[in-house]
Structure formats: C-alpha cells, structure tokens
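*Asks:* Here's a sequence, model it:
(2 chains)
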Amino acid sequence: DVKVTQSSRYLVKRTGEKVFLECVQDMDHENMFWYRQDPGLGLRLIYFSYDVKMKEKGDIPEGYSVSREKKERFSLILESASTNQTSMYLCASSKGQPNSPLHFGNGTRLTVT
Amino acid sequence: AQTVTQSQPEMSVQEAETVTLSCTYDTSENNYYLFWYKQPPSRQMILVIRQEAYKQQNATENRFSVNFQKAAKSFSLKISDSQLGDTAMYFCAFMKPANFGNEKLTFGTGTRLTIIP
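*Replies:* Purely as a prediction, here's the structure:
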C-alpha cells in the first residue's frame, strides 16, 4: 500500500512565523500535491510537482511556496503565516501515468494565532 | 477551467437503506476521469470509485456504484445497504488528462453523509 506521511497532525503557529509542512511518500510516485481543505470550499490545490525540482502553481498559491529536492519529499512553506491560512492541509501523491488516483496523507490541521 | 458542484452539503439515511449523492461538473473536454473520494472522521481520504468518460458502462465497486450521464455532465454516487462505516465526507473530483501523466484533480465542496443506526 502507498503510504503518504505528513510530519504533523496538529500545528499551532504565530502570525508572521515561517512554517514548514513536510510530506513524504514511499511509492516512488512522480507527482505530489498540496491541497487546502476548508468547510464549504472543498479541497483547493495550492501547488503541485511532477518531478524533482519542478513545481507548478495551483489555484491558490498566494502566500505559499514549495520545495521538492528529493522525489519522495514535498514541502509546503508559509513564508509569513497569517490567520487566514488557518486550515487543514492535505498532501497527496500519484504515479505519473494517466488516470492515476491520488493517495493522500492524514492531513495537518494548522492554526495560526 | 473545470468546476465540480455538489449541491447537497449534508445528508443522512438509516442504516441498510440506499442513498444517492449528486455531482455535476462543467467542462469542454471530451475525455476525462471522474472520482469519488471518502473522508471519514479519521481524515484519511480514500478512493471509493472512478469512471473514465469514454466508457459508457457505469463503474461499480461492491456496494458503491455510479450513474454517469455524460451529456448531462452528471456523476452521482449510489451507496446500497448503507453501513455505519459509510459515515464520512464524500468528495466528487474531476481530472483532465494532461501530457506526461501530470494530471491534477479538481474537487467539489463535499457532502457530509451520516448513517443513522
């Protein structure tokens, strides 16, 4: 089974802090994704990567950046956390083949105070 | 851009009954993929079922089946003989094929389903 591991289940940070959310997958998947989940808004794509050192903006990239130095690891960075970034963050991965389903981590609930 | 609409924010049904969750989408593509994901209280998103748009036959996975109406751009999920473990948030998702296998999913806003004992 594919395992996607997010480093923290809950995280509390202060406004202005730099925040790192880490995600690791163990199935040699080419694609990795960061989504944000908010009530009534569903899942919205922040950034995705289809190869090492490659990244593309999703639908809501503002205030975020990402890093993919190794194939198995995809990091989401909040350069200066703000209260409107309080949310559930979901990492996912998939094989680089058509119609490959996404495999998700358990999510990180981030609270910015 | 593609959009996915789930018009039922919440639903509840008695255990062992059948329930249908609706999903519509908007796209100009002819070939694409559709998915239903389940997110139980544990937060782990799990793939329930998927459908290729070029296949006319509706997908089925045990108690889960879909009613795919391509012309109407509708993709509903039917859960038969519902069980307490089906209580979860259900998300409909759309995937447009892309080059090099780097597709991404567009999700609906979700339907919170509660199975009542």
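*Asks:* mind checking how far the most centrally placed residue in chain A is from A:Val112?
*Replies:* Among the residues of chain A, A:Trp34 comes closest to the average C-alpha position under Cα atoms, centre = their mean, at 2.8 Å. A:Trp34 sits 16 Å away from A:Val112 when distances are taken as Cβ to Cβ, to the nearest Å. Yep, even glycine has a C-beta here, placed from its N, CA and C like the rest.
*Asks:* now the residue in chain A sticking out farthest from the centre, what's its secondary structure?
*Replies:* What lies farthest from the middle of chain A is A:Pro98; by Cα atoms, centre = their mean that is 21.3 Å. When classified by DSSP: H, G, I helix; E, B strand; the rest coil, A:Pro98 comes out as coil.
*Asks:* Can you name the residues bridging to B:Ile49?
*Replies:* Beta-bridge pairing of B:Ile49 under DSSP bridges involves B:Trp36.
*Asks:* burial measure for it, as a count.
*Replies:* Residue crowding around B:Ile49 was assessed by other Cβ atoms under 10 Å in any protein chain shown; the count is 20.
*Asks:* check contacts around it.
*Replies:* With Cβ atoms under 8 Å, 6 or more residues apart in numbering or on different chains as the criterion, the residues that contact B:Ile49 are B:35-36, B:59-61, B:64-66, B:77.
*Asks:* do A:Lys70 as well
*Replies:* Listed by Cβ under 8 Å, 6+ apart, the contact set of A:Lys70 reads A:Val52.
*Asks:* All the strands of chain B, residue numbers only.
*Replies:* B:3-5, B:10-14, B:19-21, B:24-26, B:33-39, B:46-52, B:60-61, B:64-69, B:74-79, B:88-95, B:105-107, B:111-116 (DSSP state E).
*Asks:* closest to A:Ser82 out of these?
*Replies:* Shortest distance between A:Ser82 and the strands of chain B, using Cβ to Cβ, is found for strand B:105-107: 23.5 Å.
*Asks:* Who are the packing partners of that closest one?
*Replies:* Strand B:105-107 makes packing contacts with strand A:42-49, strand B:3-5, strand B:88-95 when contacts are defined by 3 or more Cβ pairs under 8 Å, 6 or more residues apart in numbering or on different chains; DSSP states H and E.
*Asks:* In a markdown table, list the ones you listed along with mean pLDDT, mean neighbour count and distance to A:Leu76.
*Replies:* Written out in a markdown table, the entries for these read as follows (pLDDT from 0 to 100; neighbours: other Cβ atoms under 10 Å in any protein chain shown; distance: least, Cβ to Cβ, whole Å):
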| stretch | mean pLDDT | mean neighbour count | distance to A:Leu76 |
| --- | --- | --- | --- |
| strand A:42-49 | 94 | 22 | 7 |
| strand B:3-5 | 94 | 15 | 23 |
| strand B:88-95 | 95 | 24 | 20 |
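*Asks:* For B:Ala1, see how far away the most centrally placed residue in chain B is.
*Replies:* Centre of chain B computed as the mean C-alpha position; nearest residue by Cα atoms, centre = their mean is B:Trp36, 2.9 Å away. Using Cβ to Cβ, B:Trp36 is found at 21 Å from B:Ala1.
*Asks:* Would you agree A:Ile60 is in contact with A:Leu43?
*Replies:* No: using Cβ atoms under 8 Å, A:Ile60 is not in contact with A:Leu43; the gap is 10.6 Å.
*Asks:* Output the strands of chain B as TSV; include the columns distance to A:Gln6.
*Replies:* As requested, the strands of chain B are exported to TSV (distance: least, Cβ to Cβ, whole Å):
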stretch	distance to A:Gln6
strand B:3-5	24
strand B:10-14	27
strand B:19-21	27
strand B:24-26	28
strand B:33-39	14
strand B:46-52	16
strand B:60-61	27
strand B:64-69	27
strand B:74-79	27
strand B:88-95	18
strand B:105-107	18
strand B:111-116	23
